[in-house]
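S.K.: Requesting a structural model of the entry that follows:
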Amino acid sequence: MIGALFDKTGTLTGMAHLMKAASNMPGCAGLMVLTCVDNVWTPPRLEALMRAQRLPVFGGIFPGLLYEGQRFERGTIVVALSQAPTMVVVPDLAAASEQSIALSLEGAFTCHQEQDAVMVVLVNGFSSHISKLISGVFDGMGLSCNYLGGGAGNLSCPETPCLFTGDGLLKDGAIMALMNLKSGIGVSHGWRSISSPVKVSKSLRNRVLSLNSRPALDVYAELIAAHSGVRIRADNFFDVAKGYPLGICRLRGEFVVRDPLSLDEEGALVCVGDVPEGGYVEILHGDVRDLTQAADSVVKAAERLYPGQGLPALGFVCDCISRSLYLQDKFPSELRKMQRDYPMVGILSIGEIANNGQECLEFYNKTIVLGLLGSQH
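M.R.: Numbering: from 1, shown residues only. Have a look, this model is predicted:
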């Protein structure tokens, strides 16, 4: 890890200059490029720029970026890497299987037993096959590395390609990039339960059709109304639901948060990420204090697990876009809670991916993930 550069123009020319500057930094062996959906370019020109790079490159297009404690809806961050990332690309998640993903990782990372390896995982956040990716990655790599990353994509145009490598753009795909770097991973969300557990009677991947053997929307609406007095309907669904995510119950007593984004034509709750049928969920809610405090907690957790001596080279934040939409003008408070005496950059993601090298890999919603990254061995 060498450092990160930022261009706020959001133009392809600005990105090209930034990538050239990063490539020319002493010791740079690869590039991670993070950019915004509101930037000014066309997909063919972006693809041509990626194909023209002499160094390995990977990245994604996100709803927003984080740089020096501020949120940006236009711009580009280029991270200069001190080590060429070893990459596996899944161009079409729908066509892949858990086994094929695991085998591709095992084949590519035959020397992945290095201590302190970290894998950056980027995926189309709107894919309905993310659980397949998560299972396949963990089956192939296990606890041999730390993981962090998140979902890319355009909230207003989900079908747009949102990932890229030196081979071009990807639509419903995923990128796994392994590097031998010291890392510490923190995960925190700050949401609290406001209901008793309810059973997921019927679900299909990321669609929840029934809860407690009743239509999912009916149960969801009743629990929200009991807490807030607000009745959720199709015409106000997103505005209300952004404050009431689902919490998938885990044996260790924590929740994996699922964000209901919309209703489909059958009245199912359409979430970012799968909700397992037969499991239990609780309705969550969060106040500003708890949510912003999670930002401080995530840094403390990552620092506690960071194995390097001295300060890390870079903090890489994956903060869910729906947190910023919910917190609105209080979101800067969350960002300020994360500031420390080392550079920190990040993405506003559509779902977050992480583990800390000690637990199973998870896909989260409405959560903050922080990876503290150090130097190469």
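S.K.: Assign residue 319 to helix, strand or coil.
M.R.: Taking DSSP: H, G, I helix; E, B strand; the rest coil as the rule, one finds residue 319 in the strand state.
S.K.: Excluding covalently adjacent residues, which one is nearest to it?
M.R.: residue 368 (5.0 Å; C-beta to C-beta, 6 or more residues apart in numbering). Any C-beta I mention is one placed from the backbone N, CA and C, and that applies to glycine too.
S.K.: Please apply the same query to residue 162.
M.R.: Nearest residue to residue 162 in three dimensions, chain neighbours excluded: residue 152, at 4.0 Å (C-beta to C-beta, 6+ apart).
S.K.: my read: that neighbour touches residue 65, true?
M.R.: No: using C-beta atoms under 8 Å as the test, residue 152 is too far from residue 65 to be in contact (11.6 Å).
S.K.: list the residues that contact both of those two?
M.R.: Here residue 152 and residue 65 have residue 347 as joint contacts, going by C-beta atoms under 8 Å, 6 or more residues apart in numbering.
S.K.: Tell me which of these two has more neighbours.
M.R.: More crowded of residue 152 and residue 65, by other C-beta atoms under 10 Å: residue 152, with 31 against 25.
S.K.: tell me the phi and psi of the more buried one?
M.R.: Backbone geometry at residue 152, expressed as degrees, to the nearest 10, gives phi -100, psi 170.
S.K.: tell me the contacts of it?
M.R.: Contacts for residue 152 were tallied using C-beta under 8 Å, 6+ apart; they are 60-62, 122-125, 162-163, 347, 349-350.
S.K.: Narrow these to those that are buried.
M.R.: Buried subset of the contacts of residue 152 (neighbour count, 16 or more other C-beta atoms under 10 Å): 60-62, 122-125, 162-163, 347, 349-350.
S.K.: Pick out the most distant pair among those.
M.R.: Within the buried ones among the contacts of residue 152, 124 and 347 form the most distant pair, 13.6 Å apart (C-beta to C-beta).
S.K.: Going by secondary structure, the residue lying closest to residue 351 once chain neighbours are set aside is in what exactly?
M.R.: Closest residue to residue 351 apart from its sequence neighbours, by C-beta to C-beta, 6+ apart: residue 151 at 3.8 Å. In the assignment (DSSP states H and E), residue 151 maps to strand 146-152.
S.K.: I'd like to know which elements the longest strand belonging to the chain is packed against.
M.R.: In the chain, assigned by DSSP state E, the strand with the most residues is strand 174-188. Applying 3 or more C-beta pairs under 8 Å, 6 or more residues apart in numbering; DSSP states H and E, one finds that strand 174-188 contacts strand 57-62, strand 86-90, strand 117-124, strand 146-152, strand 163-165, helix 288-305, strand 352-355, strand 368-376.
S.K.: Can you tell me which of those is most buried?
M.R.: Highest mean neighbour count of those: strand 146-152, a mean of 28 (counted as mean count of other C-beta atoms under 10 Å).
S.K.: Name every strand pairing with that one and say which way it goes.
M.R.: According to DSSP bridges, strand 146-152 has the following sheet partners: strand 117-124 (parallel), strand 352-355 (antiparallel).
S.K.: Please convert those to JSON lines, extending it with distance to residue 30 and mean pLDDT.
M.R.: Shown next, in JSON lines, are these (distance: least, C-beta to C-beta, whole Å; pLDDT from 0 to 100):
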{"stretch": "strand 117-124", "distance to residue 30": "11", "mean pLDDT": "95"}
{"stretch": "strand 352-355", "distance to residue 30": "20", "mean pLDDT": "94"}
